[in-house]
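Engineer: Quick one: sequence and predicted model below, then my questions.
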Amino acid sequence: MIEELLPASAASAAMLTDAPETTLFPIEEELIRRAVGKRRREFATGRVCARKALEQLGIAPGPIPPGDRGEPLWPDGIVGSITHCDGYRAAAAANIDELISIGIDAEPNTELPDQLVEDIARPEEMPMLAELSRTEPGIHWDRMLFSAKESVYKAWFPLTKSWLGFEDATLSIDPQGTFAARLLVPGPVLAGSEVRGFDGRWLARGGLLLAAVALKA
């Protein structure tokens, strides 16, 4: 499903069940050997998806260790993103001369826990969520907002190496499958111009919500 949200220049792979942990490279195994079982399975399956995506780009399998903030460290010249939730793991990657950054996220199509929406939604986003819930009740729009903001953060971080809070961007979600994020903090400067926002796409299918941002070179 995630491939439907990405440009043709991006390679992607997804799995609905977990891969065996024996698929990890020694350096990856060492980095997560103290993690709980659920985290180990998510990590291993995410790396399998990532290596499948990289194979489509002609890159031989190799370790993809996490960085200081848990972000995957891709091979030189590659950008990408990994996501996982119950029942779905996916990864996307591209050559940096095609895409400057990628962010993907998958979430269950369920309501956020009580009060969490107040932590992720800005005041000006609340009327939008109410209207979307009224007109399109089959989608949990609070969770969709969360997923979209997660994809924005994943696209933002490789460009800045800094945190982007939920309050640092305001989103407009189109029920037809797109969203636009406007940054409320200074954005990264690319080719002499400041990035002031990110455009993305989303879909709801099979009990899942998926969001993706791909910034073209």
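Structural biologist: On my side now, so go ahead.
Engineer: Please, which helix or strand holds the residue positioned nearest the centre of the chain?
Structural biologist: For the chain, the residue nearest the mean C-alpha position is residue 104 (2.3 Å; CA atoms, centre = their mean). Assigned by DSSP states H and E, residue 104 falls within strand 99-108.
Engineer: Same check on residue 54?
Structural biologist: Going by DSSP H and E, residue 54 is in helix 37-56.
Engineer: Contacts only, for the residue lying closest to residue 117 once chain neighbours are set aside.
Structural biologist: Leaving aside its chain neighbours, residue 117 sits nearest to residue 142 (4.4 Å; criterion: CB to CB, 6 or more residues apart in numbering). In this view, the C-beta of every residue, glycine as well, is placed from N, C-alpha and C. Contacts for residue 142 (CB atoms under 8 Å, 6 or more residues apart in numbering) come out as 111-112, 116-117, 120-121, 129.
Engineer: try 10 Å this time
Structural biologist: Going by CB atoms under 10 Å, 6 or more residues apart in numbering, residue 142 touches 110-113, 116-118, 120-121, 125-126, 129, 132-133.
Engineer: in the helix holding residue 54, what counts as buried?
Structural biologist: 40-54 (16 or more other CB atoms under 10 Å).
Engineer: So what are the sheet partners of the strand holding residue 104 and their directions?
Structural biologist: strand 208-216 (antiparallel) (DSSP bridges).
Engineer: mind giving me the domain split of this structure?
Structural biologist: 2-104, 109-216 (automatic domain parsing).
Engineer: if we can go back for a sec, list just the nearest of the contacts of residue 142 to residue 172.
Structural biologist: residue 125 (8.4 Å; CB to CB).
Engineer: got the contact list for the closest one?
Structural biologist: Contact analysis of residue 125 by CB under 10 Å, 6+ apart lists 117, 141-142, 145, 149, 166, 169-173.
Engineer: Same list, those residues, but as JSON lines with pLDDT please.
Structural biologist: Below are the contacts of residue 125 laid out as JSON lines (pLDDT from 0 to 100):
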{"residue": "117", "pLDDT": "92"}
{"residue": "141", "pLDDT": "97"}
{"residue": "142", "pLDDT": "97"}
{"residue": "145", "pLDDT": "98"}
{"residue": "149", "pLDDT": "98"}
{"residue": "166", "pLDDT": "96"}
{"residue": "169", "pLDDT": "98"}
{"residue": "170", "pLDDT": "98"}
{"residue": "171", "pLDDT": "98"}
{"residue": "172", "pLDDT": "98"}
{"residue": "173", "pLDDT": "98"}
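Engineer: From these, list the buried ones, please.
Structural biologist: By 16+ other CB under 10 Å, the contacts of residue 125 give 117, 141-142, 145, 149, 166, 169-171, 173 as buried.
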